[in-house]
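Student: Give me a model of this one.
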Amino acid sequence: MAVYSIVAAVALIMVIYMGSVLAPIPWYLYLPFVGVFILAYFWEKIIKIFRKRRLRLRDSPSGRTER
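Tutor: Next up is the predicted model:
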């Protein structure tokens, strides 16, 4: 649930910046905001992928274990 509040905060910041006519900035300065928005939006899926990978490493026959 906290992820959605992060997404909302980033979206609000983007709307404020894009809606501001007092300080227009070039389009490429919005890219970090878009990146953070995408990262926050897909955060649960990304975490799920890494958890699966960690479980596979722990259960692998090579003997590699996590610390």
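Student: low-confidence ranges in this protein?
Tutor: Along the chain, the model assigns pLDDT under 70 to residues 1-3, 20-24, 57-67.
Student: By residue count, tell me the biggest helix in it.
Tutor: As assigned by DSSP state H, the longest helix anywhere in the chain is helix 2-19.
Student: And the next helix or strand after that helix, how far out from the chain middle?
Tutor: Using DSSP states H and E, the helix or strand that follows helix 2-19 towards the C-terminus is helix 31-41. Averaging C-alpha positions (CA atoms, centre = their mean, to the nearest Å) puts helix 31-41 6 Å from its chain's average.
Student: What helices and strands are in contact with helix 31-41?
Tutor: The contact analysis (3 or more CB pairs under 8 Å, 6 or more residues apart in numbering; DSSP states H and E) places helix 31-41 against helix 2-19. Any C-beta I mention is one placed from the backbone N, CA and C, and that applies to glycine too.
Student: Near Phe42, how many residues? Count them for me, please.
Tutor: Other residues within reach of Phe42, judged by other CB atoms under 10 Å, total 13.
Student: Phi and psi next, for Phe42.
Tutor: In terms of degrees, to the nearest 10, the main-chain angles of Phe42 are phi -100, psi 20.
Student: hang on, Val36 packs against Ala11?
Tutor: No - with contacts counted by CB atoms under 8 Å, Val36 stays clear of Ala11, the gap being 10.1 Å.
Student: The longest helix of the chain versus helix 31-41: what angle between them?
Tutor: On the basis of axes from the mean of the first three to the mean of the last three CA atoms, to 10 degrees, helix 2-19 is oriented at 160 degrees to helix 31-41.
Student: buried residues in helix 2-19?
Tutor: Residues of helix 2-19 classed as buried: 7, 10 (neighbour count, 16 or more other CB atoms under 10 Å).
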